[in-house]
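# Make a model of this:
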Amino acid sequence: MAGKTTAKTSSRSSDRKKPPSRGATAGGHGPGGGGDDGQPGPTAAPRDPQRLLDLFAAAFGPVLSSDRFPALLQDIKRALFRRDFAAAFADEAGLAAYAARWSPTRALCYAAVLLGLRARLEQMLDDDLDAAPLAAGGGGKGDRRRRLRVLSVGGCAAEQVAVAA
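This next block holds a predicted model:
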């Protein structure tokens with residue numbers, strides 16, 4: 001038995017944590033809900049993730065169905081592995097293939113993060129609304145505008161779609 005090791009595993013069910021049920025989060029709150037302390041809760045899935053995926057499928061249908069798509073992805077991965085960003089994104093076909101392959105899942109992740117921050121973002125909007133001047137010609141609080149400014153760090157398709165969701 002030299003050179004062979006075995007790992008002990010515990011068969012007690014109390015050693016393993018059960019994953020949260022679908023629709024609930026690890027903190028026990030509903031999807032996307034934060035705690036009563038105003039802190040964002042665990043992220044939740046977007047309400048209609050298929051809608052986001054369908055948007056990318058429609059926008060990149062020809063790219064996704066192209067015979068060149070797998071080869072383009074391999075070229076991009078190879079260039080990114082070499083950290084040759086200029087080669088990875090040198091042409092429109094490569095950019096489209098990159099966006100078609102990686103943006104849909106990133107958009108879902110970004111949307112989930114924004115949903116997890118929803119309560120905080122709403123609070124920020126309400127705080128800004130209280131401090132905002134009245135709209136031109138307006139006379140009441142109802143004339144104030146709610147506006148959330150967004151800084152897109154990468155400005156990629158995934159971020160834009162997630163914000164719109």
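# Could you pull up the contacting residues of Val150?
When contacts are counted by Cβ atoms under 8 Å, 6 or more residues apart in numbering, Val150 touches Val163. To be clear about C-beta, it is placed using only N, CA and C from the backbone, and glycine gets the same treatment.
# Which strands or helices does the helix or strand of the chain with the lowest mean pLDDT pack on?
The least trusted helix or strand in the chain, going by mean pLDDT, DSSP states H and E, turns out to be helix 157-164, with a mean of 72. Taking 3 or more Cβ pairs under 8 Å, 6 or more residues apart in numbering; DSSP states H and E as contact, the helices and strands that helix 157-164 lies on are helix 49-59, helix 92-116.
# Give me the contacts around the first one.
Meaning helix 49-59. Taking Cβ under 8 Å, 6+ apart as the rule, helix 49-59 contacts Pro46, Leu64, Ala100, Ser103, Pro104, Ala107, Leu108, Ala111, Ala157, Val161, Ala162, Ala165.
# hang on, the earlier thing: just the CA trace of the least confident helix or strand of the chain, in CSV.
Extracted C-alpha coordinates of helix 157-164, given in CSV (Å, rounded to 0.1, in the frame of the first residue of the first chain):
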residue,chain,number,x,y,z
ALA,A,157,-22.2,44.7,-24.1
ALA,A,158,-22.7,42.7,-20.9
GLU,A,159,-22.7,45.7,-18.7
GLN,A,160,-25.1,47.7,-20.9
VAL,A,161,-27.6,44.8,-21.1
ALA,A,162,-27.4,44.2,-17.4
VAL,A,163,-28.1,47.9,-16.6
ALA,A,164,-31.0,47.9,-19.0
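# No more questions from me, cheers.
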